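Enquirer: coordinates for the following, if possible.
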Amino acid sequence: MPLPKPRKGEGLNEFVGRCVIDPTMTSEFPNKDQRLAVCNSLHEQSSETLSKAFGDKYRDAFERQRQMTESRNIRNVQSIYFNEYNKAITEFLRSGTFNQAIVFQDDVLTMMYVNLFVDTGLHFANWYYNSFEILITKAERRSPLIYNRQWELQFTHYAKEVAGINIRLLKGTALDTLKKVTAKLLQDPEFQRMGAIEQGRVLRSRFKMISMYQAERIVRTETTTIANYATEQSALTVFPKEKLMKRWSTSLDGRERLWHNAANNQERDYSQPFDVGGEAIHRAGEGSGKNRINCRCATIWIPKASSLG
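Expert: Numbering: from 1, shown residues only. The predicted structure follows:
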């Protein structure tokens, strides 16, 4: 039997009062609190569009999760970058030259992406699943833990795919930074007069700050990429794509791009692209650099009201 749906013009209290005692609801959702939450969600999703309150709530929760994962992964990526720069510094102090061939190799950067994407991806996939679990019927409900291995493989594959596109640029930027910073220091008479220990201290201090800046830029961009990919995969775990819709949600804090502001609240069926600044994009975190770099937008994946039950 299908789940109850609001009648035309039926208010929230009236619908919920009818919904919580519906035989199908009591069978599928025996827990009263969960049944009440589902009834509220059914009323909220009674049209094919998301309410503003729901969109705001999702965006705020997404932002909290993003900040949480970014914090730990910025530290991890900074450590990787500093370790690579430190290899070059150690070689310079030993031989007097900077050997770029020994740093920022492809396998190191690829593994950095894999670790970032798996950690962030699993966090967001589980968060999304738990957030929408109330809409999953008793017969279909599973612990998200059973999906984690599947998701981990998906996120690893996606990380390698994205890394393959971005590694050349990341490596080039890092090596160019190493070359420019060290060249400037080597021309500094004060640096030239220093002993090896003091030179090492100056170099490590400089590149520690540079590592932090580069880590923040990478993690902030790629967190949006993997977070929206992960919530999509989580949604597809429990809802067929033909029964999903999506909304573009922009962080409206004055730092957003003008065309991301304009794209806010665009709604599409699952397979239809968003129009973001004239670019067709499937989900936030994709597209050209003008739409990807430092983007903090979210794509909200939600089952259509007609698909519930």
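
Enquirer: in stretch 258-266, which residues are buried?
Expert: Using 16 or more other Cβ atoms under 10 Å as the test for burial, stretch 258-266 gives 260, 263-264, 266. C-beta coordinates here come from the backbone N, C-alpha and C atoms, glycine included.

Enquirer: just say helix, strand or coil for the residue at minimal distance from the centre of the chain.
Expert: Note on the chain: the residue nearest the mean C-alpha position is Ala227, at 2.1 Å, using Cα atoms, centre = their mean. Under DSSP: H, G, I helix; E, B strand; the rest coil, Ala227 falls in the helix class.

Enquirer: can you pull the contacts of it?
Expert: 62, 65-66, 69, 120-121, 124, 285, 298 (Cβ atoms under 8 Å, 6 or more residues apart in numbering).

Enquirer: of these, buried ones?
Expert: Here, 16+ other Cβ under 10 Å leaves 62, 65-66, 69, 120-121, 124, 285, 298 buried among the contacts of Ala227.

Enquirer: for Gly96, phi and psi?
Expert: Main-chain torsions, Gly96, degrees, to the nearest 10: phi 90, psi 10.

Enquirer: what is the burial count for it?
Expert: By other Cβ atoms under 10 Å, 9 other residues sit near Gly96.

Enquirer: with Ala280 instead?
Expert: Ala280 has 11 neighbours, counted by other Cβ under 10 Å.

Enquirer: give me the beta-bridge partners of it?
Expert: Asp275 (DSSP bridges).

Enquirer: doesn't Gln272 make contact with it?
Expert: No: taking contacts as Cβ atoms under 8 Å, Ala280 lies outside contact range of Gln272: 9.2 Å.

Enquirer: from Trp127, how far out is the residue nearest to the centre of the chain?
Expert: 9 Å (Cβ to Cβ, to the nearest Å).

Enquirer: shared neighbours, the two?
Expert: Each of Gln65 lies in contact with both Ala227 and Trp127 under the rule Cβ under 8 Å, 6+ apart.
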